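Chemist: Pasting the sequence and the predicted model now:
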Amino acid sequence: FSPIQEMIHLPILRHARRLVASAVIFGTAILLMLWLPIRILRWAWPGFLPYTVSVQSETQ
């Protein structure tokens, strides 16, 4: 296995597809491991997490 040789010989489109696939896989993993459990905890047990986030917008 030689990643440098592979990078040189493979076309740009294939690298782009691999980059997008990696971003989707890692993004989904982060979503499932961090965001989703926090949302479930905030819904099921609101006082458990030691912080509160409030979003405010100034509209006139």
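Modeler: Yes, it's here.
Chemist: all contacts plus neighbour counts: C-alpha atoms, from now on.
Modeler: Will do.
Chemist: Longest helix of the chain, counting residues only.
Modeler: helix 12-30 (DSSP state H).
Chemist: looking only at pLDDT, what's the mean for that helix?
Modeler: The average of the pLDDT scores along helix 12-30 is 95.
Chemist: and what of stretch 52-60?
Modeler: On average, stretch 52-60 scores 71.
Chemist: And the next helix or strand past the longest helix of the chain?
Modeler: Downstream of helix 12-30, the first helix or strand assigned by DSSP states H and E is helix 36-44.
Chemist: Distance from that following helix to the middle of the chain?
Modeler: 17 Å (CA atoms, centre = their mean, to the nearest Å).
Chemist: do the same with stretch 36-53
Modeler: Put simply, stretch 36-53 sits 19 Å off its chain's centre (CA atoms, centre = their mean).
Chemist: and if you look at stretch 2-20?
Modeler: 22 Å.
Chemist: With only the CA atoms kept, save it in CSV.
Modeler: C-alpha atoms of stretch 2-20 as CSV (Å, rounded to 0.1, in the frame of the first residue of the first chain):
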residue,chain,number,x,y,z
SER,A,2,1.5,3.3,-1.1
PRO,A,3,-0.8,6.3,-0.6
ILE,A,4,1.6,8.8,-2.2
GLN,A,5,1.8,6.7,-5.4
GLU,A,6,-1.9,6.2,-5.4
MET,A,7,-2.5,10.0,-5.1
ILE,A,8,-0.3,10.7,-8.0
HIS,A,9,-1.8,8.1,-10.3
LEU,A,10,-5.5,8.4,-9.5
PRO,A,11,-7.7,11.1,-11.2
ILE,A,12,-8.9,14.2,-9.4
LEU,A,13,-12.5,13.1,-9.7
ARG,A,14,-11.8,10.0,-7.7
HIS,A,15,-10.1,11.9,-5.0
ALA,A,16,-13.1,14.3,-4.8
ARG,A,17,-15.5,11.4,-4.5
ARG,A,18,-13.4,9.9,-1.7
LEU,A,19,-13.3,13.2,0.1
VAL,A,20,-17.1,13.7,-0.1
